[in-house]
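Q: mind looking at a prediction? Sequence and model below.
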Amino acid sequence: MHFLPDTLYLLVNSIGLPAADAVGLAPGRGEEWAQALEAYVAQAGKFSKLDIVYVPVQPPPFFWDYNCGRCKYWTEPNGCTLVEGWVARGGWCAIYMPPAGVKPFTWPVRVIQDAPRWLAEAPQAFQNWFQPAPAPKDGGPPP
């Protein structure tokens, strides 16, 4: 039995147990938690988005790299094996689990490693960002 609200309980365990497993504080607990989530879904059905506080974007800054597209349970093109309905690749929920081989809390390293690529792509990505909308042909105010 647990004493935290259900969503907070899911969040703490989904992030904390894999992290404790990865650093050796609680060996095997991350995988045990993943199996418990999978067993729950097999018995009771998928979690609703409300139950797991799903949002279609990542909340900053603590969870920057913890998004649906990088989760153990992500399925192409827009799904999840644990959550019902359409799921955004860049979304986030309380039952994020890192995929096999990815250690929890390693996103800052990936951000630093990816920075040169992001900087190289930035001019192309933003080249049309600030172009004003074309003036209407009838001389009225722009759209």
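A: It's in. Numbers count the residues shown, from 1 in each chain.
Q: going forward, measure contacts between C-alpha atoms and count neighbours the same way
A: OK.
Q: and for residue 14, the neighbour number?
A: Using other C-alpha atoms under 10 Å, residue 14 is surrounded by 21 other residues.
Q: measure stretch 35-51 end to end?
A: Terminal residues of stretch 35-51 lie 18 Å apart, using C-alpha to C-alpha, to the nearest Å.
Q: which of the three states applies to residue 39?
A: helix (DSSP: H, G, I helix; E, B strand; the rest coil).
Q: run through the residues that contact it.
A: For residue 39, no contacting residues are found, by C-alpha atoms under 8 Å, 6 or more residues apart in numbering.
Q: again, but for the one 10 residues further on
A: By C-alpha under 8 Å, 6+ apart, residue 49 lies in contact with 55, 83-84, 93.
Q: also residue 84?
A: Contacts for residue 84 were tallied using C-alpha under 8 Å, 6+ apart; they are 46-49.
Q: one more time with 10 Å
A: 45-49 (C-alpha atoms under 10 Å, 6 or more residues apart in numbering).
Q: just the helices in this protein please.
A: Under the criterion DSSP state H, helices of the chain are mapped to 6-22, 29-44, 107-126.
Q: among the contacts of residue 49, which two are most distant?
A: Within these, 55 and 84 form the most distant pair, 13.0 Å apart (C-alpha to C-alpha).
Q: shaky segments in the protein?
A: For the chain, applying pLDDT under 70 flags the ranges 1-5, 59-65, 103-108, 110-111, 114-115, 117-143.
Q: buried residues, stretch 28-42. List them.
A: 29-30, 33-34, 37-38 (16 or more other C-alpha atoms under 10 Å).
Q: derive a ChimeraX selection command for the buried subset of the contacts of residue 84.
A: The ChimeraX command for the buried members of these (criterion: 16+ other C-alpha under 10 Å) is given here:
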select :46,47,49
